[in-house]
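Novice: Sequence and computational prediction follow.
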Amino acid sequence: MGIEVVVEGLTKSFGRQTIWRDISLTLPAGEVSVMLGPSGTGKTVFLKSLIGLLKPEQGRVLIDGVDMVNDPDRKVYATRKRFGLMFQDGALFGSMNLFDNIAFPLREHTRKKESEIRRIVLERMDMVGLTGQERKLPGQISGGMRKRAGLARALVLDPEIILCDEPDSGLDPVRTAYLSQLLIDLNARIDATMLIVTHNIEIASTVPDNMGMLFRRDLVTFGPREVLLTSQEPVVAQFLRGNRHGPIGMSEEKDAAALAAEREMALPPARVPEIVPQLEPSPGMPERKAVARRRERVMTMLPQLPPAAQEAILNSLLPPVRGGGR
Ligand SMILES: Nc1ncnc2c1ncn2[C@@H]1O[C@H](COP(=O)(O)OP(=O)(O)OP(=O)(O)O)[C@@H](O)[C@H]1O
């Protein structure tokens, strides 16, 4: 099973530029979480801070008793092996075929025999639908295949935590839908804790158990998916609808004059979109163990959640009505 990641009071700056401050959240063990946010709000910096590649000035990231921010490098390196990382471009070595790319972490970090490495690599390639593509070079395959190869490589060391940085970038809507299903199936199979950074509303609204959003150096919200999906917070509503009207501008934040002009226009209040049901594992896949754990967890926090989120959660727990729908 995956492990919990506890983030406490994290603040990161580069020189005089504060990227975000005082971020606290918990990625529940084995659940899938998404972090949204306009470009440049520091989502990638956040992922890198979780694995100790970047060091925030304040706060802690606790994983099974190890603090990825403040503990000695030896402990941080050991804990980093419990992560699987999928970067935006797949981060594959261009001169190596897919088999060798995916085998790389096993050859680098373990003493496994080649026969064992072959078994693991072929199994992970099968999991992401790349069987038969072992000899291809990254330059000979599509962007979607490169992403899946990156995901296969992230899986070879049996990670307990998987971080995916914009897994959808460069993919068409159909490939993005396949990838969303693949991420849910993966969670059903290995029960790892997953954090996905994305701008993609399709992934955000169908894949995660939990969602958060970074904006203006703050964590706007983090919690059960229903909280963000029913939020009336202007920045969240604007982002979910892909609307030009609201606090997010071309350069992340609009200036006060542009916001005042919008208010003058007296736009009608935006409609809250209906919550689409979360994806279920494909037929033949095991049940997601996270579902029962999450249900228990969310029910205990229910009274503290906004009424719209409470209602959406209770609706999602009702048994489906025969003939589809709830
Ligand atoms: N190593 C670094 N040194 C200095 N500044 C950096 C460094 N890494 C990132 N930044 C700055 O931190 C800010 C946040 O970058 P980051 O890549 O995390 O944003 P993001 O939310 O992932 O954006 P996008 O959605 O466009 O990928 C940017 O202003 C970037 O220039």
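Specialist: Arrived safely.

Novice: Name the residues of this protein found near the ligand, please.
Specialist: 14, 19, 37, 39-45 (Cβ under 6 Å from any ligand atom). C-betas here are computed from N, CA, C, even on glycine.

Novice: let's go with 5 Å and repeat that
Specialist: Proximity of the chain to the ligand (Cβ under 5 Å from any ligand atom) is limited to residues 14, 19, 39-45.

Novice: Of those residues - the most surrounded one?
Specialist: residue 43 (25 neighbours; other Cβ atoms under 10 Å).

Novice: Output the residues of the chain next to the ligand in a markdown table, with secondary structure and pLDDT appended to each entry.
Specialist: Below are the residues of the chain next to the ligand laid out as a markdown table (DSSP: H, G, I helix; E, B strand; the rest coil; pLDDT from 0 to 100):
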| residue | secondary structure | pLDDT |
| --- | --- | --- |
| 14 | strand | 94 |
| 19 | strand | 94 |
| 39 | coil | 84 |
| 40 | coil | 86 |
| 41 | coil | 89 |
| 42 | coil | 92 |
| 43 | helix | 92 |
| 44 | helix | 91 |
| 45 | helix | 94 |
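
Novice: The residues you listed: which two are farthest apart?
Specialist: For the residues of the chain next to the ligand, the maximum inter-member distance is 16.2 Å, found between 14 and 39 (Cβ to Cβ).

Novice: Helix, strand, or coil at residue 194?
Specialist: strand (DSSP: H, G, I helix; E, B strand; the rest coil).

Novice: and it, how many neighbours?
Specialist: Number of residues near residue 194 (other Cβ under 10 Å) recorded here: 28.

Novice: In stretch 148-165, which residues are buried?
Specialist: Buried residues in stretch 148-165, counting neighbours by 16 or more other Cβ atoms under 10 Å, are found at 148-157, 159-165.

Novice: From those, which land in helices?
Specialist: If you go by DSSP state H, the buried residues of stretch 148-165 have 148-155 in helices.

Novice: Now render the residues you listed as JSON lines, adding pLDDT and distance to residue 284.
Specialist: Below are these laid out as JSON lines (pLDDT from 0 to 100; distance: Cβ to Cβ, whole Å):
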{"residue": "148", "pLDDT": "86", "distance to residue 284": "19"}
{"residue": "149", "pLDDT": "90", "distance to residue 284": "23"}
{"residue": "150", "pLDDT": "89", "distance to residue 284": "24"}
{"residue": "151", "pLDDT": "86", "distance to residue 284": "19"}
{"residue": "152", "pLDDT": "89", "distance to residue 284": "19"}
{"residue": "153", "pLDDT": "91", "distance to residue 284": "24"}
{"residue": "154", "pLDDT": "88", "distance to residue 284": "23"}
{"residue": "155", "pLDDT": "87", "distance to residue 284": "19"}
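
Novice: JSON lines for these, including distance to residue 237?
Specialist: Shown next, in JSON lines, are these (distance: Cβ to Cβ, whole Å):
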{"residue": "148", "distance to residue 237": "33"}
{"residue": "149", "distance to residue 237": "36"}
{"residue": "150", "distance to residue 237": "32"}
{"residue": "151", "distance to residue 237": "31"}
{"residue": "152", "distance to residue 237": "37"}
{"residue": "153", "distance to residue 237": "37"}
{"residue": "154", "distance to residue 237": "33"}
{"residue": "155", "distance to residue 237": "36"}
